[in-house]
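Engineer: Need a 3D model of the following:
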Amino acid sequence: MGVPLAMETLTERVAFMRESLQKSQTITDNMVSILGSFDHRLSALETAMRPTQVRTHSIRRAHENIDKTLKAADVILAQFDLSRQAEAKILRGPHEDLESYLEAVDQLRSNIRFFSSNKNFKSSDGVLNHANNLLSKAILKLEEEFRQLLTSYSKPVEPERLFECLPNSLRPSSPGHAKNSSSNHHEHSNKALEGAVYTPPTLIPPRILPLLHDLAQQMVQAGHQQQLLKIYRETRSSVLEQSLRKLGVEKLSKDDVQKMQWEVLEAKIGNWIHFMRIAVKLLFAGEMKVCDQIFEGMDSLKEHCFADVTANSVAMLLSFGESIAKSKRSPEKLFVLLDMYEIMCELQPEFSEDIAYIETIFDGKACAEMRESALSLTKRLAQTAQETFGDFEEAVEKDATKTAVLDGTVHPLTSYVINYVKFLFDYQSTLKQLFQEFDKGGEANSQLANVTIKIMQALMNNLDGKSKQYKDAALTQLFLMNNIHYMVRSVRRSEAKDLLGDDWVQIHRRIVQQHANQYKRVAWGKILQTMSVQGLSSSGGSAIGSDNSSGVSRAMVKERFKAFNLQFEELHQRQSQWTVPDSELRESLRLAVAEVLLPAYRSFIKRFGPLIENGKNPQKYIRYTPEDLDRMLGEFFEGKTWNEPRR
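Structural biologist: I've put the predicted structure just below:
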């Protein structure tokens with residue numbers, strides 16, 4: 001019973017589910033039919049709306065195009081308005097309001113760029129032609145304004161202003177006169193100059209420089225570099241040359257230099273050294289500052305402008321130096337050559353292209369020729385100075401001066417050469433630098449020592465020749481003693497001692513002593529023979545019977561005293577006219593003579609004096625006491641004249 005009931009129930013449920021599915025299918029079919037109807041209606045509506053959509057899109061596009069056209073028209077009209085404003089300013093010219101004028105030029109350039117990029121504008125060609133013509137006129141006015149502004153504020157610098165810019169040690173002592181570097185070379189040391197402060201003068205007022213810079217920039221943008229360069233060169237180079245002429249710089253040829261008297265030329269060289277320092281460290285340095293500010297951002301043009309402005313002035317200054325370096329060599333020129341070499345070395349940083357030197361002003365390709373000229377002059381001066389050394393050594397050895405020093409004193413040649421050598425040592429650092437120009441591996445100190453020794457030896461050789469002119473052998477020795485002693489004393493008191501060394505001094509001191517000994521032997525040997533016992537033996541004349549004088553001839557003793565008196569008086573008369581200028585050497589020589597003469601004379605009088613004193617007129621033979629002789633020896637080597645009274 002249970003199973004049939006369950007089956008019946010299941011059957012009922014299946015039948016119910018089938019009925020439900022059929023109803024759902026019917027509903028679905030009905031919905032599909034309705035939706036299909038909607039799709040058909042929407043398709044018909046879309047077809048009906050399409051023309052309206054197309055018209056709406058066209059209208060929107062038209063509105064957008066109209067907006068764009070109106071905006072473009074506004075921009076073009078604005079450009080025309082700006083162009084008219086710029087034209088009005090340009091026609092008024094730059095003189096009244098340069099800043100506004102430059103703004104107008106910039107605006108005009110902007111207009112040209114605008115219309116150049118809008119060629120489809122119907123009137124663009126006409127507008128561009130008008131704008132370009134106006135710009136050309138504007139640039140010409142800018143050129144004229146640049147010329148007038150630069151000319152108005154470019155004035156020659158007065159010498160007094162330049163002197164005020166120098167360090168105190170280099171300022172001239174009196175207005176209008178440059179300090180002669182040759183004659184006052186060591187009023188200041190080179191070390192003091194190393195820290196010297198130079199203040200380049202203001203060549204153009206600072207407020208004008210920005211205006212000139214803006215004008216220059218506009219001309220460069222317009223492609224007028226050459227016109228700008230020409231205006232700047234003509235104006236500034238002329239003013240620079242006028243400043244140098246006011247200072248005293250002259251344009252002198254080699255012939256002019258050759259014809260000058262040495263005193264005149266020496267003064268001009270001293271001035272030239274001063275002018276070189278002022279020109280480079282003040283005027284050219286000031287000119288570089290002006291170029292830096294006017295042509296800021298235009299490096300190539302700046303370099304060429306500076307080179308063109310300074311070229312003539314540099315050439316004029318260096319040509320004088322070249323004329324001196326190439327002129328006939330002579331000993332007196334050596335020191336001015338060294339002075340000139342010094343200033344060129346001092347200015348080397350300014351003429352260097354090495355950016356490590358902050359002082360460099362002649363750098364870059366445009367200044368290459370000027371750098372080469374400066375370097376060439378420096379080397380030429382060094383070469384000429386070195387050759388002059390050789391000339392001097394030869395001239396000293398071959399000096400044939402007929403100037404006679406009758407009193408045997410120091411010869412003018414000796415004092416000249418020694419002063420020359422002492423002066424050389426004031427240039428030690430310069431000479432060492434000069435020697436290194438030619439011998440990079442050599443020791444500068446030893447080179448200077450060798451040069452000095454050669455000059456000293458040349459002097460000694462010449463003195464030896466001059467000493468042979470004396471007929472009196474004693475005066476020959478005195479002359480050599482005086483001159484070599486002067487050399488030794490001068491070396492000992494100068495820096496030359498450190499370079500030549502103690503050995504040189506000691507060797508030559510011994511030579512002085514040798515000549516002093518030779519003088520004593522030659523001058524006093526004969527008179528000492530008169531006081532010798534030899535030859536006094538009696539040969540029949542009267543004699544005294546004392547042991548000390550046994551067998552001595554009174555007549556022979558008288559002859560000896562007469563001979564002594566005659567010789568001593570002759571020596572006194574002659575040698576009191578001779579000169580030993582050094583007081584210490586003079587006293588030393590007198591003492592050396594006295595130490596030989598007086599003991600011999602005392603001994604002779606003591607032994608043989610009684611023989612004369614016991615006879616007639618003893619004062620006729622014994623004229624002098626040892627004290628008289630000592631006093632009279634004090635009159636030797638005083639350089640007395642013949643008619644000068646005896647002391």
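
Engineer: hey, let's count contacts and neighbours off CA atoms from now on
Structural biologist: Will do.

Engineer: how much space between the most centrally placed residue in the chain and residue 431?
Structural biologist: Taking CA atoms, centre = their mean, the centroid of the chain lies closest to residue 346, which sits 2.0 Å from it. According to CA to CA, to the nearest Å, residue 346 stands 14 Å off from residue 431.

Engineer: likewise residue 284?
Structural biologist: Counting by CA to CA - residue 284 and residue 431 are separated by 28 Å.

Engineer: where's the residue nearest to the centre of the chain relative to residue 320, distance?
Structural biologist: 18 Å.

Engineer: With residue 421 instead?
Structural biologist: 27 Å.

Engineer: Between the two, which has more neighbouring residues?
Structural biologist: Neighbour count, other CA atoms under 10 Å: between residue 421 and residue 320, residue 320 has more, with 22 against 19.

Engineer: Mind listing residues that contact stretch 288-297?
Structural biologist: For stretch 288-297, the external contacting residues (CA atoms under 8 Å, 6 or more residues apart in numbering) are 203-204, 209-210, 212-214, 216-217, 301-302, 305-306, 361.

Engineer: Would you show me how to pick out the buried ones of those in PyMOL?
Structural biologist: The buried subset of the contacts of stretch 288-297, as determined by 16 or more other CA atoms under 10 Å, is captured in PyMOL by this line:
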select buried, resi 203+204+209+212+213+214+216+217+301+302+305+306+361
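
Engineer: Let's have the contacts of stretch 288-297 in a markdown table, adding pLDDT and secondary structure.
Structural biologist: Listed next are the contacts of stretch 288-297 as a markdown table, based on pLDDT from 0 to 100; DSSP: H, G, I helix; E, B strand; the rest coil:
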| residue | pLDDT | secondary structure |
| --- | --- | --- |
| 203 | 95 | coil |
| 204 | 96 | coil |
| 209 | 96 | helix |
| 210 | 94 | helix |
| 212 | 95 | helix |
| 213 | 95 | helix |
| 214 | 92 | helix |
| 216 | 93 | helix |
| 217 | 91 | helix |
| 301 | 91 | helix |
| 302 | 92 | helix |
| 305 | 94 | helix |
| 306 | 95 | helix |
| 361 | 90 | coil |
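
Engineer: what's the closest of the contacts of stretch 288-297 to residue 249?
Structural biologist: residue 203 (18.9 Å; CA to CA).

Engineer: residues in contact with the closest residue to the closest one other than its chain neighbours?
Structural biologist: With CA to CA, 6 or more residues apart in numbering as the criterion, residue 203 has its nearest non-adjacent residue at 6.6 Å, and that residue is residue 286. Counting by CA under 8 Å, 6+ apart, residue 286 makes contact with 200-203.

Engineer: let's see it at 10 Å
Structural biologist: By CA atoms under 10 Å, 6 or more residues apart in numbering, the contact list for residue 286 reads 199-204, 279-280, 292, 361.

Engineer: Which members of those are classed as buried?
Structural biologist: By 16+ other CA under 10 Å, these give 200-201, 203-204, 279-280, 292, 361 as buried.

Engineer: tally of neighbours for residue 569?
Structural biologist: 13.

Engineer: Do you know the pLDDT at it?
Structural biologist: Residue 569 carries a pLDDT value of 96.

Engineer: So it lies in a helix, does it not?
Structural biologist: Yes - with DSSP: H, G, I helix; E, B strand; the rest coil as the criterion, residue 569 is located in a helix.

Engineer: Would you mind measuring from it to residue 599?
Structural biologist: 18 Å.

Engineer: so which helix or strand takes in residue 605?
Structural biologist: helix 583-613 (DSSP states H and E).

Engineer: in the stretch 501-647 of the chain, which spans are helices?
Structural biologist: Taking DSSP state H, counting those that start in this stretch as the criterion, the stretch 501-647 of the chain contains helices spanning 554-575, 583-613, 618-621, 626-633.

Engineer: Which elements pack onto the last one?
Structural biologist: Contact partners of helix 626-633 among helices and strands, from 3 or more CA pairs under 10 Å, 6 or more residues apart in numbering; DSSP states H and E: helix 554-575, helix 583-613.

Engineer: So which of those helices has the densest surroundings on average?
Structural biologist: With neighbours taken as mean count of other CA atoms under 10 Å, the helices and strands packed on helix 626-633 reach their highest mean count in helix 554-575, at a mean of 18.

Engineer: got the CA positions of that helix in PDB?
Structural biologist: Output in PDB follows, covering the C-alpha atoms of helix 554-575 (Å, rounded to 0.1, in the frame of the first residue of the first chain):
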ATOM      1  CA  ARG A 554     185.600 106.300   9.600                       C
ATOM      2  CA  ALA A 555     185.500 107.400   6.000                       C
ATOM      3  CA  MET A 556     183.400 104.400   5.000                       C
ATOM      4  CA  VAL A 557     181.000 105.000   7.800                       C
ATOM      5  CA  LYS A 558     180.600 108.600   6.700                       C
ATOM      6  CA  GLU A 559     179.900 107.400   3.200                       C
ATOM      7  CA  ARG A 560     177.300 105.000   4.500                       C
ATOM      8  CA  PHE A 561     175.500 107.700   6.500                       C
ATOM      9  CA  LYS A 562     175.700 110.000   3.500                       C
ATOM     10  CA  ALA A 563     174.300 107.200   1.200                       C
ATOM     11  CA  PHE A 564     171.600 106.400   3.700                       C
ATOM     12  CA  ASN A 565     170.500 110.100   4.000                       C
ATOM     13  CA  LEU A 566     170.400 110.600   0.300                       C
ATOM     14  CA  GLN A 567     168.500 107.400  -0.400                       C
ATOM     15  CA  PHE A 568     166.000 107.900   2.500                       C
ATOM     16  CA  GLU A 569     165.300 111.500   1.400                       C
ATOM     17  CA  GLU A 570     164.800 110.400  -2.100                       C
ATOM     18  CA  LEU A 571     162.500 107.600  -1.000                       C
ATOM     19  CA  HIS A 572     160.600 110.000   1.300                       C
ATOM     20  CA  GLN A 573     160.200 112.600  -1.400                       C
ATOM     21  CA  ARG A 574     159.100 110.100  -4.000                       C
ATOM     22  CA  GLN A 575     157.000 107.700  -1.800                       C
END
